[in-house]
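Enquirer: I'd like to go over a predicted model; first the sequence, then the structure.
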Amino acid sequence: MLFSHNFSRYLQISSINMTLKFFMIIMSVLTVVNGLDNGLARTPPMGWMQWERFRCLTDCDNYPDECISHKLFRAMADHMLSDGYLDAGYEYVIIDDCWFSHKRDNEGRLQPDPDRFPYGIKSLADYIHSKGLKFGIYADYGIFTCAGYPGSLNHLEIDAHTFAEWGVDYLKFDGCYSDYITIDKGYIEMDKYLNATDRPIVYSCSWPAYQESNDMESNYTALAQTCNLWRNWDDIDDSWESVSEIISWFSTNQDRLAPFSGPGHWNDPDMLIIGNYGLSLEQCKAQMAIWSIMAAPLIMSVDLRTIDAEFRDIILNKEAISVNQDPLGIMGRLVLTRNKINIWTKPLQPREDGQQPYAIALMSNRTDGYPYKIGFTLTELNITNPNGFQMKDVFEKNNTLPFITDDEKIYLRMKPTGGALLVFTPIEEQLIVV
Ligand code: GLA
């Protein structure tokens, strides 16, 4: 991304505005909804999950390295460690659907497919834990899972117990084959059983995905009290169309959703598909930028054995991750659309001196095929700091601007269907050089 700006003069400025802004941020934190109090997911969960990339591939004869088996998860755990993902904060390795045997055991417990998980789930969890990672699993509140394996209906207590025994740290609890109108009651009951195990288990719920897609507005107060994260909307597919449709749904509904984002409870727009077949490099930057600005869980679904380095760099980008993991947990919002380019903003944790940093994400949905130069000012985005900001374009090397004032035009040359993430750090008050 290219940008340009004008330099101004030396300035001496008072900090009254900063104090006011600090107060406003504190107030907005205090009005955030109180959520599930299991002490987990204080920042958006980060990890790896099989579903988008490997789906329900169970044919291990023909696809031994890609089928849903213990080998796949062990291999991914190894790469989480060796390729820097764990160091960057990606800690959960999560099995999605299709790990099950079609029948429960004689005691009514879920069991894994014996050929694909010959040593059982506990030994896989142990392996993952031995790497310093955490272990997640999938189940479904209804009669069946979405792929037709046994559901947890009428077995909630025993399933919660089994997961705790296996050493599960994260449960993705889906909602296929259940009644979407009353589904929340089942999730709330499962929460009770999970808590009763005394094992800390991050609880990922899907009930809004089933209600919202049936034109029913979910009860987000109950969600934030019950679940650590929740899938609000459609499944992600490996395409720009899917990513942009999901982003558009979240921005359309942002006023309803944003108040419920915060430490311990997160809106979840679904997996990161960066590094697969469907998105260009620029589109991958857009997904990482918007997921970071939305404080969305960062759950990758990609083959870590073969991902290209340039895509891995996006997933591992430290500044994007720190925007995503900002301790305030504010879900950023779309504030301006100009020439088919959407601009989102997110206040970050104020510094100790009370100064307020921001992140800004841009997403271009222009399909005209050439870079487009967009101009905007911080004032247009309701961002101000009398002292000015330093600006960093996080996916571009050497693109730091030392000094930007509120009314100065910032220009970016946005690639078509792509994105950018900018971090604005307030400049210390007093003498400002430009
Ligand atoms: C649903 C979920 C997906 C995935 C599949 C598994 O569609 O939304 O994320 O878990 O089920 O069958």
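Expert: Right, received. Where do you want to start? Just so it is clear, the structure is predicted and the values come from calculations on it, not from any experiment.

Enquirer: and the closest residue to the ligand within the stretch 101-250 of the chain, what element?
Expert: Using Cβ to the nearest ligand atom, residue 146 is the residue of the stretch 101-250 of the chain that sits closest to the ligand, at 3.2 Å. Just so you know, the C-beta spots here come from the backbone N, C-alpha and C atoms, and that holds for glycine as well. For residue 146, there is no host helix or strand (DSSP states H and E).

Enquirer: just residue 225 next, same as before
Expert: Taking DSSP H and E as the criterion, residue 225 maps to helix 220-226.

Enquirer: and that helix, which residues are buried?
Expert: 220, 223, 224, 225, 226 (16 or more other Cβ atoms under 10 Å).

Enquirer: cool, and stretch 66-78?
Expert: Per 16+ other Cβ under 10 Å, stretch 66-78 contains these buried residues: 66, 67, 68, 69, 70, 71, 72, 73, 76, 77.

Enquirer: now swap in stretch 397-410 and tell me
Expert: Per 16+ other Cβ under 10 Å, stretch 397-410 contains these buried residues: 399, 401, 403, 404, 405, 406, 408, 410.

Enquirer: The residues you listed: which two are farthest apart?
Expert: Greatest spatial distance among those (Cβ to Cβ): 399 and 406, at 20.0 Å.

Enquirer: Might you list the low-confidence residue ranges for this protein?
Expert: 1-35, 429-434 (pLDDT under 70).

Enquirer: quick revisit: could you redo the buried residues of stretch 397-410 as CSV and give each row distance to the ligand and secondary structure?
Expert: Formatted as CSV, those follow (distance: Cβ to the nearest ligand atom, whole Å; DSSP: H, G, I helix; E, B strand; the rest coil):
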residue, distance to the ligand, secondary structure
399, 35, coil
401, 40, strand
403, 45, strand
404, 40, strand
405, 45, coil
406, 42, coil
408, 43, coil
410, 37, strand
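
Enquirer: Now those residues in JSON lines, please, with extra columns for distance to residue 42.
Expert: Listed next are those as JSON lines, based on distance: Cβ to Cβ, whole Å:
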{"residue": "399", "distance to residue 42": "31"}
{"residue": "401", "distance to residue 42": "32"}
{"residue": "403", "distance to residue 42": "34"}
{"residue": "404", "distance to residue 42": "31"}
{"residue": "405", "distance to residue 42": "35"}
{"residue": "406", "distance to residue 42": "32"}
{"residue": "408", "distance to residue 42": "36"}
{"residue": "410", "distance to residue 42": "33"}
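
Enquirer: which ones are touching residue 286?
Expert: 243, 363, 364, 417, 418, 419 (Cβ atoms under 8 Å, 6 or more residues apart in numbering).

Enquirer: residues in contact with the closest residue to residue 226 other than its chain neighbours?
Expert: The shortest distance from residue 226 to any non-neighbouring residue, by Cβ to Cβ, 6 or more residues apart in numbering, is to residue 191 (4.8 Å). By Cβ under 8 Å, 6+ apart, the contact set of residue 191 is 36, 203, 226, 227.

Enquirer: Can I take it that residue 191 is in a strand?
Expert: No - counting by DSSP: H, G, I helix; E, B strand; the rest coil, residue 191 falls outside a strand, being helix.

Enquirer: Around the ligand, which positions in the stretch 151-300 of the chain sit nearby?
Expert: Contact residues (Cβ under 6 Å from any ligand atom) of the stretch 151-300 of the chain with the ligand: 174, 235.

Enquirer: Is residue 47 in contact with residue 300, as I believe?
Expert: Yes - taking contacts as Cβ atoms under 8 Å, residue 47 lies within contact range of residue 300: 7.4 Å.

Enquirer: Common neighbours of those two, please.
Expert: With Cβ under 8 Å, 6+ apart, residue 47 and residue 300 have common neighbours residue 90.

Enquirer: From residue 189, how far off is residue 321?
Expert: Per Cβ to Cβ, to the nearest Å, residue 321 is found 35 Å from residue 189.

Enquirer: nearest spatial neighbour of the residue of the stretch 101-250 of the chain closest to the ligand, skipping sequence neighbours?
Expert: In space, residue 146 is closest to residue 176, 3.9 Å off (Cβ to Cβ, 6+ apart).

Enquirer: my read: that neighbour touches residue 149, true?
Expert: No - with contact defined as Cβ under 8 Å, residue 176 does not reach residue 149; the gap is 10.1 Å.

Enquirer: Compare the two (neighbour count), which wins?
Expert: Neighbour tally, residue 176 and residue 149, criterion other Cβ atoms under 10 Å: the higher count belongs to residue 149, 20 against 17.

Enquirer: Now that one: closest residue in space, sequence neighbours ignored.
Expert: residue 100 (3.8 Å).

Enquirer: still on that earlier bit, who wins for most neighbours among the contacts of residue 191?
Expert: The most crowded member of the contacts of residue 191 is residue 227, carrying 30 neighbours; neighbours defined as other Cβ under 10 Å.

Enquirer: Can you name the residues bridging to the nearest residue to that residue once chain neighbours are set aside?
Expert: Distance criterion Cβ to Cβ, 6+ apart; nearest residue to residue 227, sequence neighbours excluded, is residue 205 at 3.8 Å. When bridges are called by DSSP bridges, residue 205 pairs up with residue 173, residue 230.

Enquirer: residues touching residue 205, list them.
Expert: Residue 205 makes contact with 173, 187, 223, 226, 227, 229, 230, 231, according to Cβ under 8 Å, 6+ apart.

Enquirer: which of the residues you listed sit farthest apart?
Expert: Distance extremes for the contacts of residue 205: the farthest pair is 226 and 231 at 13.6 Å, using Cβ to Cβ.

Enquirer: Quick check: the gap between the residue nearest to residue 226 and residue 259.
Expert: 21 Å.

Enquirer: Does the residue in the stretch 251-400 of the chain that the ligand sits nearest to belong to a helix, a strand or coil?
Expert: Per Cβ to the nearest ligand atom, residue 270 is where the stretch 251-400 of the chain lies closest to the ligand, at 6.6 Å. Here residue 270 is recorded as coil under three-state DSSP.

Enquirer: Now do the same contact list for the residue lying closest to it once chain neighbours are set aside.
Expert: Take residue 270 and drop its neighbours on the chain: the residue closest to it by Cβ to Cβ, 6+ apart is residue 236, 3.9 Å away. Taking Cβ under 8 Å, 6+ apart, we find residue 236 in contact with 52, 242, 243, 246, 269, 270, 271, 273.

Enquirer: Buried ones among the residues you listed?
Expert: 52, 242, 243, 246, 269, 270, 271, 273.

Enquirer: Could you measure from the residue nearest to residue 157 when sequence neighbours are not counted over to residue 152?
Expert: Closest residue to residue 157 apart from its sequence neighbours, by Cβ to Cβ, 6+ apart: residue 193 at 4.8 Å. Look at residue 193 and residue 152: by Cβ to Cβ, they are 10 Å apart.
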